[in-house]
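In: Structural data only, the sequence is not supplied:
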DNA sequence: ACCTGAACACCGTTCAAGT
DNA sequence: ACCTGAACACCGTTCAAGT
């Protein structure tokens, strides 16, 4: 029952919890943008709509953000906040790696469109760095030498991002159900015999099985393809370059 | 010196070669679009600009094309026409594979933006199929069983596309020279010790070396990770699924 | 310093009207 | 059947003007 000065700054929070009305802030902008992205997709995450969600005009956002591209980068890093980099020290490195990468994939999958942003941004925000740090840690534990691990740090997320982007695009643009089906049916056996023969395998398979298989491929490949010449993936005090 | 009826349909070609003025046609539209895409990038390949290049209005294109998305798919397949699927039969399969994939990469690299389209399209045009056919052929020669080869057909181009998309995005959006540099310099050694230690390796390396290394990784991984249970990559008459 | 409305130069897509 | 201009409902970004 205390008195309230109605001219107090707006960052008052109500007794019922939650801010009554957020003042403009980078935090609020990125939050509203990620919200829009998650619910409506990349195209709907426009400066105008983000501004509208915050009860203001698009021009107001330019105080906090250079341009749309920068907002996208910020939103991307915010989305990576969901990546769980804590690993159970008792686990084998293989389990840690799978857990880490599955968490990364699911962060990219949660919001359709986040993966498209990922492909056009260098993930240099705090959450991106936190993820790289964890990934380098696991690779080190796996005995991958540093130069190889550094490149793997590029290759692995790139592949995961591509998977997520492909899925998101397929979902966003629902090819009329069975467009793929029709394609497969109209496939010319004479012109493309091998594609024809493999047509069922090409579209089959639980996405999760495919993902697991692909990780296995990357892992085996990385472990056996060190950048530094040598007999194998044994940890060695290789100097960089 | 023959007479010409000025009311003749427009698909007249001049003696000097080349059409004087192309009539509207799907062919002409896709050609003009790919041209714009190559010279100006994905964002500039708008229906309005394609139409302008053909001396007409955007509305006219809708006779030939469902919407922008469809035009993009068509442009993508047209770009894949540059992929060379002829392989020297005397070559070892490894060489054929490298050649094929390098040709694919360079088709995607030639036009900035084509890779972005690739990620949002199922490549079911004739040139896409031709490429898959060739890829399946080489994988078969390498002794990869069919179910594994089918998934590899997804994984390999996906990865190549992601590389190309990343490069294109970096070029299109020139982060002020040295944005990465500054990022690396301001990197907190305390918070991200492993990233800090690997910072030079993370950004170093000729793109071509990285690409070759990545292909090697994928290849070794695929050869040693058959979907069908078994001792190794030996070809086996596994029935699909 | 922060916010705003209006303006500018664009988009994709639709539609009635022309040939 | 093909093409067109005009209109509709959007964009990102800038800018002068307000507080």
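Out: The structure has been received and is ready for your questions. Note that the structure is predicted; figures quoted are calculated from it, not measured.

In: so who does the residue nearest to residue A:108 when sequence neighbours are not counted touch?
Out: Distances taken as Cβ to Cβ, 6 or more residues apart in numbering or on different chains place residue A:164 nearest to residue A:108, at 3.8 Å, with adjacent residues excluded. All C-beta spots, glycine's among them, are computed from the backbone N, C-alpha and C. Going by Cβ atoms under 8 Å, 6 or more residues apart in numbering or on different chains, residue A:164 touches A:105, A:108-109, A:114-115, A:118.

In: Now residue A:164: phi and psi?
Out: phi -60, psi -40 (degrees, to the nearest 10).

In: How about residue A:186?
Out: Backbone geometry at residue A:186, expressed as degrees, to the nearest 10, gives phi -90, psi 10.

In: so who does it touch?
Out: If you count contacts by Cβ under 8 Å, 6+ apart, residue A:186 has none.

In: What separation is there between it and residue A:27?
Out: Separation of residue A:186 from residue A:27 (Cβ to Cβ, to the nearest Å): 52 Å.

In: repeat for residue A:118
Out: For residue A:118, the distance to residue A:27 (Cβ to Cβ) stands at 21 Å.

In: same question, residue A:49
Out: Using Cβ to Cβ, residue A:49 is found at 18 Å from residue A:27.

In: Pretty sure residue A:145 sits against residue A:226.
Out: Yes - using Cβ atoms under 8 Å, residue A:145 is in contact with residue A:226, at 5.7 Å.

In: Show me where chain A dips below the pLDDT cut-off.
Out: Along chain A, segments meeting pLDDT under 70 span A:1-22, A:169-182, A:229-241.

In: Which parts of it are strands?
Out: Read by DSSP state E, chain A holds no strands at all.

In: where does it come near DNA strand D, residue by residue?
Out: Where chain A comes near DNA strand D, counting by Cβ under 7 Å from any atom of the strand, the residues are A:44, A:46-49, A:58-59, A:62, A:67-69.

In: Repeat the analysis, applying 10 Å as the threshold.
Out: Contact residues, chain A versus DNA strand D (Cβ under 10 Å from any atom of the strand): A:33, A:36, A:40, A:42-52, A:57-63, A:65-72.

In: For DNA strand D, see how far away residue A:101 is.
Out: Distance of residue A:101 to DNA strand D, given as Cβ to the nearest atom of the strand, to the nearest Å: 31 Å.

In: likewise residue A:161?
Out: 22 Å.

In: And residue A:227, by the same measure?
Out: Distance of residue A:227 to DNA strand D, computed by Cβ to the nearest atom of the strand: 38 Å.

In: neighbours around that residue, how many?
Out: Per other Cβ atoms under 10 Å in any protein chain shown, the neighbour tally for residue A:227 reads 22.

In: circling back: more crowded one of residue A:49 and residue A:27?
Out: Each of residue A:49 and residue A:27 has its neighbours counted (other Cβ under 10 Å); residue A:49 has more, 16 against 12.

In: what's the nearest residue to that one if we skip its chain neighbours?
Out: residue A:36 (5.9 Å).

In: all helices of chain A, in order?
Out: In chain A, the helices defined using DSSP state H lie at A:26-40, A:47-53, A:68-79, A:93-110, A:114-119, A:126-141, A:146-172, A:179-185, A:193-197, A:199-203, A:207-223.

In: Of all these, which one is nearest residue B:91?
Out: Comparing the helices of chain A by their distance to residue B:91 (Cβ to Cβ), the top pick is helix A:193-197, with 18.4 Å.

In: Excluding its own residues, what touches that closest one? List them.
Out: Helix A:193-197 has contacts (Cβ under 8 Å, 6+ apart) with A:187-189, A:202, B:129, B:132-133, B:136-137, B:140, B:146.

In: which of those has the most neighbours?
Out: Within the contacts of helix A:193-197, most neighbours by other Cβ under 10 Å means residue B:136, with 24 neighbours.

In: That residue contacts residue A:198, doesn't it?
Out: Yes - counting by Cβ under 8 Å, residue A:198 is a contact partner of residue B:136 at 6.0 Å.

In: Touching both of these two, which residues are there?
Out: Counting by Cβ under 8 Å, 6+ apart, the shared contacts of residue B:136 and residue A:198 are B:149-150, B:153.

In: and which of the residues you listed is nearest to DNA strand D?
Out: Nearest to DNA strand D out of those is residue B:153 (Cβ to the nearest atom of the strand; 36.0 Å).

In: residue contacts, the closest one?
Out: Here residue B:153 is in contact with A:198, A:202, B:132, B:135-136, B:139 (criterion: Cβ under 8 Å, 6+ apart).

In: May I see those arranged in CSV, with distance to DNA strand C as well?
Out: Listed next are the contacts of residue B:153 as CSV, based on distance: Cβ to the nearest atom of the strand, whole Å:
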residue, distance to DNA strand C
A:198, 33
A:202, 28
B:132, 28
B:135, 32
B:136, 34
B:139, 37
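
In: Next, count neighbours for the residue lying closest to residue A:137 once chain neighbours are set aside.
Out: Taking Cβ to Cβ, 6+ apart, and ignoring the residues beside it in sequence, residue A:137 has residue B:194 as its nearest neighbour in space, at 5.9 Å. Residue B:194 has 19 neighbouring residues, counting by other Cβ under 10 Å.

In: I'm done for today, thanks for sticking with me.
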